[in-house]
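Asks: Please find the sequence and the predicted model below.
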Amino acid sequence: MTLGIVGARYHSGPTSAGSYPAIFYLGGGFVKELSVFVDESGDFGPYEYHTPFYIVTLVFHDQSASIDKSINHMNVQLRQAGFSEHTIHTGPLIRREHEYKHLSLFERKRIFNILYNFTRVANITYKNITVEKRQLSEKTNLHMQLTKRISAFLKENMDKFIQFDRIIVYYDYGQHELTHIIVTMFSTIFSNVQFKKATPERYKLFQAADMLCTLELLSMKSEQKLLSKSEYAFFVSSKNLHKSYLRAIQGKQFS
């Protein structure tokens, strides 16, 4: 059954920039809601050396598990670091691009660790869908592979998803092809799904999805010895990347 919000009243939880939507009370009971934040790395073009992978990251948040304390702690840390309410973009932060080009390595690592620690302790899980583009063929294109793998993941975990009265999928609609896949797969498999356009500025979990997607990309690049000079400068070595970041965050994977 698809649940709307007409006639609903708020039960708990303020809505603010970067926070979580309210949980609703409807028809004599609480509406159990799952938020899904989507981010991607790569493009739908042919395989090229500088874009060998395509990654879709799905971050799941059961709205009954508050993340307010984690968000507040993150905001306090950012203020103490001199970056009050800063929207963190993980890739440019590592590569020292855009708004980070004048920051020192120490400052950039401090910002990175603030988001990393928020992602690690918040009540969320995640799933990475990965494709190596050079393994694709003319008969098996990227669109087909992503559709197949996302569909398989959702169906394999149907017992977990059907526990929720409503699923809301957040994406920035940055890539038309991925937007089509996400909307088609979720709409086909679930009748209680809604879609909302999201931006990193409004949702901390979108920033977390960006970091998790970037970490998966770094993991794949590390395995194939493809880390760039700027990535080595930031993490020192592949061993340190795995020991200090990848190993701990893997405990947040959807299971």
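Replies: Perfect, thanks for sending it. Residues are numbered from 1 along each chain as shown.
Asks: so residue 192 makes contact with residue 167?
Replies: Yes. At 6.0 Å, residue 192 counts as touching residue 167 under the criterion of Cβ atoms under 8 Å. C-betas here are computed from N, CA, C, even on glycine.
Asks: Compare those two and say which one has the larger neighbour count.
Replies: residue 167 (21 against 18; other Cβ atoms under 10 Å).
Asks: which element is that one on?
Replies: strand 166-171 (DSSP states H and E).
Asks: Pull up the pairing partners for that strand, direction included.
Replies: strand 33-41 (parallel), strand 193-197 (parallel) (DSSP bridges).
Asks: What lies in contact with the last one?
Replies: With Cβ atoms under 8 Å, 6 or more residues apart in numbering as the test, strand 193-197 has contacts from 166, 167, 168, 169, 170, 171, 172, 173, 182, 183, 186, 187.
Asks: what do you get for stretch 36-46?
Replies: So stretch 36-46 is contacted by 51, 53-61, 133, 142-143, 167-171, 174-175, 177-178, 182, 186, 198, 203, 205-206, 208-210, 212-214, 216-217 (Cβ under 8 Å, 6+ apart).
Asks: Tabulate the CA atom coordinates of stretch 150-163 in CSV.
Replies: The C-alpha trace of stretch 150-163 is given here as CSV (Å, rounded to 0.1, in the frame of the first residue of the first chain):
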residue,chain,number,x,y,z
ILE,A,150,20.5,-3.0,-8.5
SER,A,151,17.4,-5.1,-9.2
ALA,A,152,19.1,-8.2,-7.8
PHE,A,153,20.2,-6.5,-4.6
LEU,A,154,16.7,-5.1,-4.0
LYS,A,155,15.0,-8.4,-4.6
GLU,A,156,17.5,-10.4,-2.6
ASN,A,157,16.8,-8.1,0.4
MET,A,158,13.0,-7.8,-0.1
ASP,A,159,12.3,-9.2,3.4
LYS,A,160,14.2,-6.2,5.0
PHE,A,161,12.7,-3.6,2.8
ILE,A,162,9.0,-4.7,3.1
GLN,A,163,9.2,-3.9,6.8
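Asks: Please point out which parts of it sit buried.
Replies: For stretch 150-163, the neighbour count (16 or more other Cβ atoms under 10 Å) marks 150, 151, 154, 161 as buried.
Asks: mean confidence score for it?
Replies: Averaged across stretch 150-163, pLDDT comes to 97.
Asks: Excluding its own residues, what touches it? List them.
Replies: 32, 34, 56, 127, 129, 167, 181-182, 185-186, 188-190, 254.
Asks: on that earlier part again, of the contacts of stretch 36-46, buried ones?
Replies: Buried members of the contacts of stretch 36-46, counted by 16+ other Cβ under 10 Å: 53-61, 133, 142, 167-171, 175, 178, 182, 186, 198, 203, 205-206, 208-210, 212-214, 216-217.
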